[in-house]
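Asker: How does the following fold in three dimensions:
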Amino acid sequence: IMCLQMSLQIVILPLLTITLHAFTYNIPHHPQIRVENTRWGKLHQQQRHHPNYIGQIKHQDTTKIPTTIHYSTFKDNQNIINGITKKYAQDASKPENIAEHTAYGEDAASFNLSNESLTEWFLFLTSTTFVLSTISYLWFLPPGPHLGTSYLHSIENLIGTTSPPLVITALLSLFSLIHSGLATLRPLSEEIIGPRAHRVMFAVVSLPTALSCISYFVNHSHDGTILWDLHSLPGLHTIVLLLDFISFLLLYPSTFNLLEIAAVRKPDLHLYESGVIRITRHPQAWGQFIWCIAHCLWIGSSTVVAASLVLCLHHTWSIYSGDKRLKDKHGKLFDSVSSRTSIIPFAAIIDGRQSLPKDYWREWARIPYLVVVGGTIGAYFAHPWMMAGAALLGW
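Answerer: Numbering: from 1, shown residues only. Prediction:
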């Protein structure tokens, strides 16, 4: 069952994305900007693995609102960024500076079929299938060495107990250390072994440990002490369902870059500005917070509370480390984008540094989000099979 779920994620969803997007067009990420893509095709062929879309202001109207942006992928555009953000960085809060000296981040959740390659997607499907199959064999499949079981027993022996709240705390703590540790070491690691090798190492280490955490949580979420039972409250199920749905919509846009995640394309550290980033610069962290609140409300066990505390602490750290890595990577461009966005949801909108355009819904009406919506609804109805699959592992 778990192998079938993996197959759905790595085969059917990408193919569905490509097929549906044949009937759609990308939408500019700024409501008051007319995008000219006259040079984009040629530039993309030259440097398709460096999609650092830099907004270069070419014309301004009488209200000092930028009307034309050329998107480029050339590395020397960093010099342009330094020039056009120099004065803006001195006082980013002034509206006249925002309109006159602005460098824009990337368009979030964009997907253009003309930029895709069947060869790359074939490599994605074959390489991902191979990696997941190998990990499944080594970690939990019956013919394999059952490294997942040995890993769980090692954790239990290390902490000296099989108490579910303590075990899930240890599992998630170790996963967080590995996951955030490798992410923090990414710049140094990429200099030594390269971006693709680092991404493969990151996946090979993170995937099996994440699977152990998820499976153990599913099997033991109702174990431990029941701290509260709110099932009798009217409308609780609907509230929890809506919170879970919102939490999955708050995926960070880089999650949609499947070819980079699988290292088929050279992984890059992207700086986005449109879509969900207008609301919060760290949507995935807030999505995790909301997910934890929903599950604590619904289940109310000490195991779920313990898991939620570790997950929230992990994602709180990711807010700091994520901003630091973006700052180190993008420099003044990050300063420009961060001045118009916020960590706290809607904070930049409330204090006037950001505004949602009238057609803001268009920045969400994109194929990646359609896939997320379908996957979230499917995951809800697949919960019984997910629990059955986790129970088969016996963790």
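
Asker: Setting the sequence-adjacent residues aside, check what's closest to the spatially most central residue of the chain.
Answerer: Per C-alpha atoms, centre = their mean, the C-alpha nearest to the average position across the chain is that of residue 252, at 3.1 Å. Once flanking residues are discounted, residue 252 sits nearest to residue 284: 4.2 Å by C-beta to C-beta, 6 or more residues apart in numbering. For every residue, glycine as well, the C-beta is placed using N, CA and C.

Asker: Now do the SS call for that neighbour.
Answerer: helix (DSSP: H, G, I helix; E, B strand; the rest coil).

Asker: Now do the same contact list for it.
Answerer: By C-beta atoms under 8 Å, 6 or more residues apart in numbering, residue 284 lies in contact with 250-252, 255, 315, 318.

Asker: Equivalent analysis for residue 227, please.
Answerer: By C-beta under 8 Å, 6+ apart, the contact set of residue 227 is 300-302, 305.

Asker: closest to residue 390 among those?
Answerer: The shortest approach to residue 390 among the contacts of residue 227 belongs to residue 301, at 15.9 Å (C-beta to C-beta).

Asker: What's the local residue count around that closest one?
Answerer: Counted by other C-beta atoms under 10 Å, the residues lying close to residue 301 total 23.

Asker: And for it, nearest residue in space, chain neighbours not counted?
Answerer: Nearest residue to residue 301 in three dimensions, chain neighbours excluded: residue 224, at 4.9 Å (C-beta to C-beta, 6+ apart).

Asker: That neighbour sits in which helix or strand?
Answerer: Element membership for residue 224 (DSSP states H and E) is empty, with no helix or strand holding it.

Asker: Enumerate the positions of the helix or strand hosting residue 385 that are buried.
Answerer: Residue 385 belongs to helix 383-393 when elements are defined using DSSP H and E. For helix 383-393, the buried set under the neighbour-count rule, 16 or more other C-beta atoms under 10 Å, comprises 386, 389-390, 393.

Asker: For the closest residue to residue 210 other than its chain neighbours, give me phi and psi.
Answerer: Of all residues beyond its chain neighbours, the one nearest residue 210 is residue 175 (6.1 Å), with distances taken as C-beta to C-beta, 6+ apart. Residue 175 has phi and psi values of phi -60, psi -40 when expressed as degrees, to the nearest 10.

Asker: Please list the outside residues in contact with stretch 150-157.
Answerer: Where contact means C-beta under 8 Å, 6+ apart, the residues beyond stretch 150-157 that reach it are 139, 162, 167, 170-171, 174, 208-209, 212, 216, 395.

Asker: Out of these, who's the most crowded?
Answerer: Comparing the contacts of stretch 150-157 on neighbour count, residue 171 comes out first with 26 neighbours (neighbours: other C-beta under 10 Å).

Asker: I figured that residue was touching residue 216, is that so?
Answerer: Yes. Distance between residue 171 and residue 216: 5.9 Å, which falls inside the contact criterion (C-beta atoms under 8 Å).

Asker: Phi, psi for residue 272 please.
Answerer: phi -100, psi 160.

Asker: Next, count neighbours for the residue nearest to it when sequence neighbours are not counted.
Answerer: Here the nearest residue to residue 272 in space, its sequence neighbours aside, is residue 108; by C-beta to C-beta, 6+ apart that works out to 4.2 Å. For residue 108, the number of neighbouring residues by other C-beta under 10 Å comes to 24.

Asker: which residues touch residue 108?
Answerer: Taking C-beta under 8 Å, 6+ apart, we find residue 108 in contact with 29, 253, 272-277, 363.

Asker: SS state for it?
Answerer: Residue 108 falls in the coil class when you classify it by three-state DSSP.

Asker: Helices along the stretch 101-250 of the chain, start to end?
Answerer: 118-139, 147-159, 164-184, 186-193, 195-220, 236-249 (DSSP state H, counting those that start in this stretch).

Asker: Output the contacting helices and strands for the fourth one.
Answerer: Helices and strands in packing contact with helix 186-193 are listed as helix 195-220, helix 302-330; criterion 3 or more C-beta pairs under 8 Å, 6 or more residues apart in numbering; DSSP states H and E.

Asker: In JSON lines: these, plus mean pLDDT and distance to residue 338.
Answerer: Listed next are these as JSON lines, based on pLDDT from 0 to 100; distance: least, C-beta to C-beta, whole Å:
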{"stretch": "helix 195-220", "mean pLDDT": "94", "distance to residue 338": "24"}
{"stretch": "helix 302-330", "mean pLDDT": "96", "distance to residue 338": "7"}
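
Asker: Need the ones you listed in TSV (columns: distance to residue 292).
Answerer: As requested, the helices and strands packed on helix 186-193 are arranged in TSV below (distance: least, C-beta to C-beta, whole Å):
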stretch	distance to residue 292
helix 195-220	11
helix 302-330	4
